[in-house]
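Chemist: Can you look at this prediction? I've put the sequence above it.
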Amino acid sequence: MTVLLIGTLDTKGDELAWVRGLIEARGHSVRVLDAGVLGEPAFAPDLPACDVAEAGGSTLAALRSRGDRGVALDVMARGAAALAAREHNDGRVAAVLGIGGSCGTAIATSAMRALPVGVPRVMVSTVASGPVGSYVGETDITMMYSVVDIAGLNRISRRILSNAAGALCGMIEQPGLPDGDRTLLAATMFGVTTPCVERVRHRLEAGGYEVLVFHATGSGGRAMEGLIRAGFIAGVADVTTTEWCDELVGGILSAGPERLGAAGAMGIPQVVSVGALDMVNFGPRATVPDRFRDRLLHVHNPSVTLMRTTAAECTQLGQIIAARLNAANGPTTILLPLRGVSALDGEGQPFHDAEADAALFEALRRSVGPAVSLIELDLHINDPAFADAIADRLLATLPEQDDAVHTA
């Protein structure tokens with residue numbers, strides 16, 4: 001197999017040459033992409049910086065004469081992504097390894113995010129011990145902290161780089177997995193909706209489908225929406241729409257304003273519920289913004305603090321969700337569990353708030369259009385009968401499997 005090795009050959013040539021040798025010693029070939037702008041490369045790359053700059057919409061000479069680091073970073077990131085996608089689509093590379101500081105990480109991971117889920121990719125980075133969401137996005141990039149700066153070869157950097165090369169080679173040397181032939185469905189889950197979604201999943205799998213469950217943590221919702229727009233998903237059991245709470249109120253697990261749009265845009269069947277719309281997510285209790293300190297808070301664990309949504313917020317959430325569903329081009333159903341929307345919202349639980357739930361349900365009743373089927377059940381979201389209703393509805397609206405979307 002061939003590995004695409006990405007880095008700046010004007011500053012990290014020794015390190016890239018070392019890693020290239022390690023990978024080649026395992027019997028794999030390497031194509032080197034040079035993302036360096038400032039100086040000449042330490043050795044001749046397979047994809048020179050001038051090609052990267054042109055693929056990003058500029059020229060290397062223009063970037064050097066302008067001297068703007070931010071502009072150069074954007075151009076080289078776009079170019080690296082375009083070339084990586086081309087190399088992979090043309091069958092020239094099967095995996096990616098990147099080495100860099102903050103700028104090199106931004107460029108290399110931009111290239112990695114341009115490739116499909118499942119392509120092996122490892123990023124050795126000086127910033128991998130901090131927040132890496134902007135680098136990883138919704139992909140399966142493996143981040144490895146460099147421990148020391150990537151500035152010369154020494155006993156620490158050699159070990160880290162050797163581990164990275166070994167990890168990537170291990171990924172590409174593992175036996176291939178058989179492609180699935182079952183139609184793919186998607187579902188969304190949180191810990192407080194797990195009983196419902198697990199039962200839905202088992203019911204759908206018993207019907208012959210393969211179910212991808214996404215954790216509704218912001219990145220999970222974005223990953224699902226991306227796969228739907230890419231055409232992989234034939235139907236959605238969107239049980240847990242809680243990410244809209246964080247988008248509206250200001251929590252830390254927002255999936256962005258496009259959440260709940262992909263299924264409708266693609267015209268695929270979707271059965272939606274209001275799972276965990278009783279909560280907004282924050283980190284440790286000390287990190288909850290001061291403006292929320294007097295709200296009803298629940299410490300889920302030392303790293304997660306939940307805040308109960310108010311009746312006013314629930315009204316807004318109902319209106320937002322209805323608007324998203326009204327725009328759908330395919331069969332759309334929303335199911336309301338009148339006895340509670342999460343494990344914390346049932347009778348006697350910390351977030352039980354009949355007024356807030358009623359505001360949510362009433363906003364949906366008033367706002368959904370005639371093309372959306374609204375079903376109300378006198379059940380809690382985690383009652384087995386509610387899960388069965390979701391599964392039954394989705395199974396009834398899915399096309400015949402011969403006509404549905406399958407894995408590649």
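Modeler: Here it is on my side, so go on. Numbering: from 1, shown residues only.

Chemist: For the rest of this, base every contact and every neighbour count on C-alpha atoms.
Modeler: Noted.

Chemist: Past the helix or strand bottoming out on mean pLDDT in the chain, which element shows up next along the chain?
Modeler: Least confident helix or strand, the chain: helix 133-136 with a mean of 91, by mean pLDDT, DSSP states H and E. Counting by DSSP states H and E, the next helix or strand C-terminal to helix 133-136 is strand 142-145.

Chemist: how about the residue nearest to Gly104 when sequence neighbours are not counted, phi and psi?
Modeler: Excluding its sequence neighbours, the residue lying closest to Gly104 (Cα to Cα, 6 or more residues apart in numbering) is Gly7, at 6.3 Å. Main-chain dihedrals, Gly7, degrees, to the nearest 10: phi -180, psi -180.

Chemist: ok, Gly7 - contacts?
Modeler: 16, 32-36, 98-100, 104, 108 (Cα atoms under 8 Å, 6 or more residues apart in numbering).

Chemist: picking that back up, got the buried residues for the least confident helix or strand of the chain?
Modeler: Neighbour-count burial for helix 133-136, counted by 16 or more other Cα atoms under 10 Å, picks out 135-136.

Chemist: Run through the neighbouring helices and strands of that helix.
Modeler: helix 102-113 (3 or more Cα pairs under 8 Å, 6 or more residues apart in numbering; DSSP states H and E).

Chemist: partners of the helix or strand following the helix it packs on, with directions?
Modeler: Next helix or strand after helix 102-113 toward the C-terminus (DSSP H and E): strand 121-125. Note on strand 121-125: by DSSP bridges, its sheet partners are strand 95-100 (parallel), strand 142-145 (parallel).

Chemist: would you turn those into JSON lines with mean pLDDT?
Modeler: Output for these, formatted as JSON lines (pLDDT from 0 to 100):
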{"stretch": "strand 95-100", "mean pLDDT": "97"}
{"stretch": "strand 142-145", "mean pLDDT": "97"}
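
Chemist: hey, which of those strands is tucked in deepest?
Modeler: strand 95-100 (a mean of 27; mean count of other Cα atoms under 10 Å).

Chemist: Just want the angle from it to helix 102-113.
Modeler: Here the directions of strand 95-100 and helix 102-113 differ by 170 degrees (axes from the mean of the first three to the mean of the last three Cα atoms, to 10 degrees).

Chemist: Residues contacting strand 95-100, please?
Modeler: 2-8, 12, 16, 104-105, 108-109, 112, 119-126, 150, 165, 168, 172.

Chemist: gap between the residue nearest to Gly104 and Met76?
Modeler: In this view, Gly7 and Met76 are 11 Å apart by Cα to Cα, to the nearest Å.

Chemist: what ranges do the helices span in the stretch 101-250 of the chain?
Modeler: With DSSP state H, counting those that start in this stretch as the criterion, the stretch 101-250 of the chain has helices at 102-113, 133-136, 155-173, 194-206, 219-229, 243-249.

Chemist: surely Leu317 meets Phe361?
Modeler: No - contact status for Leu317 versus Phe361: not in contact, 9.8 Å apart, counting by Cα atoms under 8 Å.

Chemist: And the strands in the protein?
Modeler: Assigned by DSSP state E, the strands in the chain fall at 2-7, 29-34, 95-100, 121-125, 142-145, 184-189, 210-215, 235-238, 270-272, 279-282, 297-301, 304-308, 332-337, 372-377.

Chemist: Reformat the ones you listed as CSV; add distance to Arg86.
Modeler: Converted to CSV, those look like this (distance: least, Cα to Cα, whole Å):
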stretch, distance to Arg86
strand 2-7, 12
strand 29-34, 13
strand 95-100, 13
strand 121-125, 16
strand 142-145, 21
strand 184-189, 27
strand 210-215, 28
strand 235-238, 30
strand 270-272, 34
strand 279-282, 39
strand 297-301, 44
strand 304-308, 41
strand 332-337, 37
strand 372-377, 41
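
Chemist: Lys12 - how many residues pack around it?
Modeler: By the criterion of other Cα atoms under 10 Å, Lys12 has 22 neighbours.

Chemist: that older thread, and Ala356, which of the strands paired with strand 121-125 is closest to it?
Modeler: strand 142-145 (41.1 Å; Cα to Cα).

Chemist: outside of that closest one, which residues touch it?
Modeler: When contacts are defined by Cα under 8 Å, 6+ apart, strand 142-145 is touched by residues 121-129, 164.

Chemist: Which among these count as buried?
Modeler: 121-128, 164.

Chemist: Can you verify my assumption that Ala363 contacts Ala323?
Modeler: No - the pair Ala363 / Ala323 is not scored as a contact, 10.9 Å apart, by Cα under 8 Å.

Chemist: These two: which is more packed in?
Modeler: When Ala363 and Ala323 are compared for neighbours, Ala363 comes out ahead with 20 against 17, by other Cα under 10 Å.

Chemist: separation between that one and Thr217?
Modeler: From Ala363 to Thr217 the distance is 24 Å (Cα to Cα).

Chemist: likewise Ser367?
Modeler: From Ser367 to Thr217 the distance is 26 Å (Cα to Cα).

Chemist: can you name the farthest residue from the center of the protein?
Modeler: Within the chain, Ser65 marks the point farthest from the mean C-alpha position, 37.1 Å out by Cα atoms, centre = their mean.

Chemist: pLDDT score for it?
Modeler: At Ser65, the model reports a pLDDT of 91.

Chemist: What of the one 3 residues further on?
Modeler: The per-residue pLDDT reported for Asp68 equals 89.

Chemist: That one: neighbouring residues, count only.
Modeler: Number of residues near Asp68 (other Cα under 10 Å) recorded here: 10.

Chemist: got any ranges where the protein has weak pLDDT?
Modeler: Applying pLDDT under 70 to the chain flags residues 177-179, 401-408.

Chemist: Correct me if wrong: Arg26 contacts Leu168.
Modeler: No - under the contact definition of Cα under 8 Å, Arg26 does not touch Leu168, with a separation of 10.8 Å.
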